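*Asks:* Give me a 3D structure for the following:
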Amino acid sequence: MRRLPAVLLAFVPILLLCFPAAAKGAEPGRTGPASLDSPESLSYPSLKFEVPRADRFLLKNGIVVYFLQDREVPVVNIQAFLKAGSLQDPDGREGLAELTATVMRTGGIRSLSGREVDERLDFLAAEAGVAAGPQAVTASLSVLKKDIEEGLSIFAGILRSPVFEEDRLRLAKELKKEDLRRIADDPQRLAFREFNRFFYRNSPWGRMSSLASIDAVRRKDLVQWHRKYISPRNLWIGVSGDITREEAEAALERHFGTWTAPEAPGTETPPPVPQRRGIRLIPKETSQSIVIVGHPAPPKGAPDSPAFEVLDFLLGSGGFFSRIFQEVRTDRGLAYSTGSFYRSRMDHGLFGAYAFTGTKSSLTVLSLLETIIGESRNGTFTEKDLKLAQDSLLNSFLFSFQSPEQIVRSRLSVEFDGLPADYLETYRERIRRVTLDDLKRTANRWLDPGRASILVLGNSLEFEGGLKPFGDVTTAP
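*Replies:* Numbering: from 1, shown residues only. Below you'll find the model as predicted:
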């Protein structure tokens, strides 16, 4: 009798634990593995979860602080949100906010040169960063508790008194220009950048940096932008880690409490106006195409937002379970990547469905994406679909609070975005209340084909037909 190889023998104890009936002999009429219950028939108690909270207090100069202590490791994490961003870039100097944020971090502070800042942070094993988005500048610091005083001193200097050294600005501009040059070599990045520009045409949201706009930026522009928008009147701070509230409050008062400024300038920009249906073609000699179909969507916190979040999951962001994935990729094999996304901003939202497909199937995929989106307006989802989406969204919501840093950031974001104080506590109930009628009503309100912004990147000479039947076409130079 041949003996089993040693590698198989190693699994015998595991098999016996998993299938005890196989060791004792299966009951009459039943076999071992077949006797296992279906996962769908299992019952278990409901998960009880309360959204974690964080302390909120004000510094003497009015800066809002959210705080949560965590003594697991001797590290303190600090986050800062400033309400200003690339939407405040002046015409002809698009990219100014991004450069300002970059050189705030790299270009030195009043007490240390840029090189000395890098050296001190490295010595302290600390990390600091600053980045600019459309509506916010975000900054972060992670430092050992024993070095919190020096770390905060450097961090406060980065925010309050950056020097903007000329050589660091020059380096930042060259790196940004090289990054812009490389976009043309990355079809996916190029497609989504140009889609953003096309969707937001005639709006500040659609302005993008260019080689010329980066070249036009001077050091004085960074100084003026910082002086105008980086202000304690515009600042929210989050603190988490191995520090008490009393210690955090005292340290922040020392480094930020003396910071004063006149009333912060308004940073509100009008929300983008939905455009008429249009198609943008980006000619690209490549064997594959990228198709993106965009629609206006509800703003963050709007009454339709919960239903639209569920709708987006069912249409494309739900991965294998979504209609777009199943019909475009699984059933027809027309795309190697496909799905959807929902970006909810403070004053507007954007929904997009996309597919990366072969050149010859570009128009077929575009038609299919529009058909799937259009069918959602007819109420084609079932109660089973709805429950799957709700359960998935609620389960993923729990993972937004895995660390004290995430908890503080979530709380900070709610106030920064102007949402109700109980927004996080009521999120699950809002998702649970979504009905099939809500999905149909929301789809009909927001997914109007007459408002679709469509982008196709690919070699149009290889398309099986033209884009004109889909609407007015403009071609990028």
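*Asks:* And the strands in this protein?
*Replies:* 55-58, 64-69, 75-82, 127-132, 137-144, 235-241, 278-283, 288-297, 335-344, 349-358, 453-458, 473-475 (DSSP state E).
*Asks:* what domains does the record give for the chain?
*Replies:* The chain breaks down into these domains under automatic domain parsing: 55-256, 278-475.
*Asks:* and of the ones you listed, who's closest to Glu268?
*Replies:* Evaluated over these, closeness to Glu268 peaks at domain 278-475, with 8.2 Å, by Cβ to Cβ. C-beta: built from backbone N, CA, C; applies to glycine.
*Asks:* Not counting residues beside it along the chain, what's closest to Ala184?
*Replies:* In this structure, Ala184 finds its nearest non-sequential neighbour in Leu190, 6.1 Å apart by Cβ to Cβ, 6 or more residues apart in numbering.
*Asks:* For that neighbour, give me its contacts.
*Replies:* Taking Cβ atoms under 8 Å, 6 or more residues apart in numbering as the criterion, Leu190 is in contact with Ile183, Ala184, Ile282, Lys284, Leu457.
*Asks:* Quick check: which ranges of the stretch 101-250 of the chain have low pLDDT?
*Replies:* Applying pLDDT under 70 to the stretch 101-250 of the chain flags no residue at all.
*Asks:* contacting residues for the residue positioned nearest the centre of the chain?
*Replies:* Centroid-nearest residue in the chain, with Cα atoms, centre = their mean: Arg343, separated by 7.8 Å. By Cβ under 8 Å, 6+ apart, the contact set of Arg343 is Ala297, Gly349, Leu350, Phe351, Gly352.
*Asks:* Any idea what the closest residue to Phe192 other than its chain neighbours is bridged to?
*Replies:* In this structure, Phe192 finds its nearest non-sequential neighbour in Ile292, 7.1 Å apart by Cβ to Cβ, 6+ apart. Assessed by DSSP bridges, Ile292 has beta-bridge partners Tyr354, Leu455.
*Asks:* Tell me, what's the model's pLDDT at Ile292?
*Replies:* Ile292 is assigned 98 on the pLDDT scale.
*Asks:* One more: the one 5 residues further on?
*Replies:* Ala297 carries a pLDDT score of 98 in this model.
*Asks:* neighbours of Ser376, just the number please.
*Replies:* A count of neighbours around Ser376, defined by other Cβ atoms under 10 Å, yields 19.
*Asks:* Might one say that it is in contact with Ala443?
*Replies:* Yes. Counting by Cβ atoms under 8 Å, Ser376 does reach Ala443; the two are 4.3 Å apart.
*Asks:* Now the common contact residues for the two.
*Replies:* Common neighbours of Ser376 and Ala443 (criterion: Cβ under 8 Å, 6+ apart): Leu311.
*Asks:* Please work out how many residues are found near the nearest residue in space to Ser322 that is not next to it in sequence.
*Replies:* The shortest distance from Ser322 to any non-neighbouring residue, by Cβ to Cβ, 6+ apart, is to Gly316 (4.8 Å). Neighbour count for Gly316, taken as other Cβ under 10 Å: 26.
*Asks:* Glu174 too?
*Replies:* Neighbour number of Glu174 under other Cβ under 10 Å is 11.
*Asks:* swap in Pro187?
*Replies:* As a burial measure, Pro187 scores 18 neighbours (other Cβ under 10 Å).
*Asks:* repeat for Asn378
*Replies:* As a burial measure, Asn378 scores 10 neighbours (other Cβ under 10 Å).
*Asks:* now Tyr200
*Replies:* As a burial measure, Tyr200 scores 21 neighbours (other Cβ under 10 Å).
*Asks:* so how far is Leu436 from the residue nearest to Ser322?
*Replies:* 18 Å (Cβ to Cβ, to the nearest Å).
*Asks:* ok, Leu211 - contacts?
*Replies:* So Leu211 contacts Lys177, Leu180, Arg181 (Cβ under 8 Å, 6+ apart).
*Asks:* try 10 Å this time
*Replies:* Gly95, Lys173, Lys176, Lys177, Glu178, Leu180, Arg181 (Cβ atoms under 10 Å, 6 or more residues apart in numbering).
*Asks:* Same check on Thr244?
*Replies:* Phe67, Gln69, Arg71, Ala250.
*Asks:* One more: Leu315?
*Replies:* 308, 322-325, 339-340, 342, 351, 353, 369, 372-373, 375-376, 381, 389, 439, 443, 447.
*Asks:* For the closest residue to it other than its chain neighbours, list each beta-bridge partner.
*Replies:* In space, and not counting its chain neighbours, Leu315 is closest to Ser340: 5.0 Å by Cβ to Cβ, 6+ apart. Beta bridges link Ser340 to Ala353, judged by DSSP bridges.
*Asks:* got the buried residues for the lengthiest helix in the chain?
*Replies:* The helix spanning the most residues in the chain, taking DSSP state H as the definition, is helix 166-183. Going by neighbour count (16 or more other Cβ atoms under 10 Å), the buried part of helix 166-183 is Arg168, Leu169, Leu171, Ala172, Lys173, Lys176, Lys177, Leu180.
*Asks:* Please look at Leu121 and Glu127 and confirm they touch.
*Replies:* Yes. Counting by Cβ atoms under 10 Å, Glu127 is a contact partner of Leu121 at 7.1 Å.
*Asks:* Need the residues touching each of these two.
*Replies:* Counting by Cβ under 10 Å, 6+ apart, the residues touching both Leu121 and Glu127 are Leu141, Ser142, Val143, Gly151.
*Asks:* give me the number of residues near the second one?
*Replies:* Neighbour count for Ser142, taken as other Cβ under 10 Å: 18.
*Asks:* Quickly list what it is bridged to.
*Replies:* Under DSSP bridges, the beta-bridge partners of Ser142 are Asn77, Glu127.
*Asks:* residues touching it, list them.
*Replies:* Residues near Ser142 by Cβ under 10 Å, 6+ apart: 75-79, 121, 125-129, 151, 241, 405.
*Asks:* how much space between it and Gly129?
*Replies:* From Ser142 to Gly129 the distance is 9 Å (Cβ to Cβ).
*Asks:* Now do the shared contacts for those two.
*Replies:* Both Ser142 and Gly129 lack any common contact, where contact means Cβ under 10 Å, 6+ apart.
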